[in-house]
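>>> Sequence first, predicted coordinates after that:
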Amino acid sequence: MDALEALHSRNSSARLSGTVRQVALDHIIRAGLRAPDHGQLRPWRILVIEGEGRDRLGLLFAQAKLTSDPHQSTEQLAKLRGKPQRAPVILVVVARIVEHPKVPAVEQILSAGAVAQNMLVAAHALGLGAMWRTGEMTYNPMVQKGLGLDENEKIVGFIYLGEREGRQKSLPDVSIEDHVTRW
Ligand SMILES: Cc1cc2nc3c(=O)[nH]c(=O)nc-3n(C[C@H](O)[C@H](O)[C@H](O)COP(=O)(O)O)c2cc1C
């Protein structure tokens, strides 16, 4: 798939399974690492979670939720614990924010967002499905600590990655006129 076709046709897939070959994962991550980056700070890193790492992440989600709010039903906890099982691979995009005289934190977070977006498009170009997810666990301090984040780090997203189950969903109509004006 050429670059423009991938950019114009990418969309998210919530239902993912199968496997992601290492060669595909490397291409996807390398695409992420080509994100624009003011000051060459490389203000990001990526955690790869697969296999039993997904079980540990599910457990971490459930423990974190229980700690922040002990009134959880068994069903609610089981649901949370099962969330990482929605794809064979999860790429956690982490922004590493440093003090810089010319590059404010927002630019570093945007750069990490570009890492995530590049990886979504690369996955699509390779015929894989992906979905950028966040949710309350993203901002839970116990989850952040459990994933080994430092004080200056923020999770930008969990990129769920795998083989798309079923057909790709249809693309919404987008109109240039609705979003663009000439100034
Ligand atoms: C920062 C960010 C966080 C998101 N978090 C979630 C999420 O937690 N759950 C969800 O269903 N969609 C989430 N989305 C939206 C989906 O990734 C997706 O973009 C949306 O469903 C629209 O589908 P499309 O990408 O095919 O246009 C998030 C998107 C962004 C950019």
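That came through, no problem.
>>> Thought Arg10 was touching His124, still the case?
Yes. Contact criterion C-beta atoms under 8 Å: His124 and Arg10 qualify, at 4.2 Å. Any C-beta I mention is one placed from the backbone N, CA and C, and that applies to glycine too.
>>> higher neighbour count, these two?
His124 (23 against 18; other C-beta atoms under 10 Å).
>>> who touches the more buried one in this structure?
1, 6, 9-11, 130 (C-beta atoms under 8 Å, 6 or more residues apart in numbering).
>>> Please report how far the residue in the chain that the ligand sits nearest to lies from Arg54.
Scanning the chain for proximity to the ligand using C-beta to the nearest ligand atom identifies Asn11 as nearest, at 3.1 Å. Distance from Asn11 to Arg54, counting by C-beta to C-beta, to the nearest Å: 23 Å.
>>> So for these two, which sits in the more crowded spot?
Shown here are Asn11 and Arg54; by other C-beta under 10 Å, Arg54 has more neighbours (19 against 15).
>>> follow-up on the earlier one: and the residue of the chain closest to the ligand, what does it touch?
Asn11 neighbours (C-beta under 8 Å, 6+ apart): 124, 168-169, 171.
>>> May I ask which two of those are separated the most?
His124 and Lys169 (12.3 Å; C-beta to C-beta).
>>> what comes up buried for the one helix or strand Ala78 maps to?
Element membership for Ala78, per DSSP states H and E: helix 74-82. Neighbour counts over helix 74-82 (16 or more other C-beta atoms under 10 Å) mark 77, 80-81 as buried.
>>> And for Glu165, the neighbour number?
Neighbours of Glu165 (other C-beta under 10 Å): 12.
>>> How about the longest helix along the chain, which residues are buried there?
For the chain, the helix with the greatest residue count under DSSP state H is helix 105-125. Within helix 105-125, the residues that qualify as buried are 107-125, counting by 16+ other C-beta under 10 Å.
>>> tell me the contacts of the nearest residue to Thr138 once chain neighbours are set aside?
Residue nearest to Thr138 in three dimensions, not counting chain neighbours: Ile155, with 4.8 Å by C-beta to C-beta, 6 or more residues apart in numbering. Each residue near Ile155 by C-beta under 8 Å, 6+ apart is listed here: 92-95, 134, 138-139, 143-144, 147, 149.
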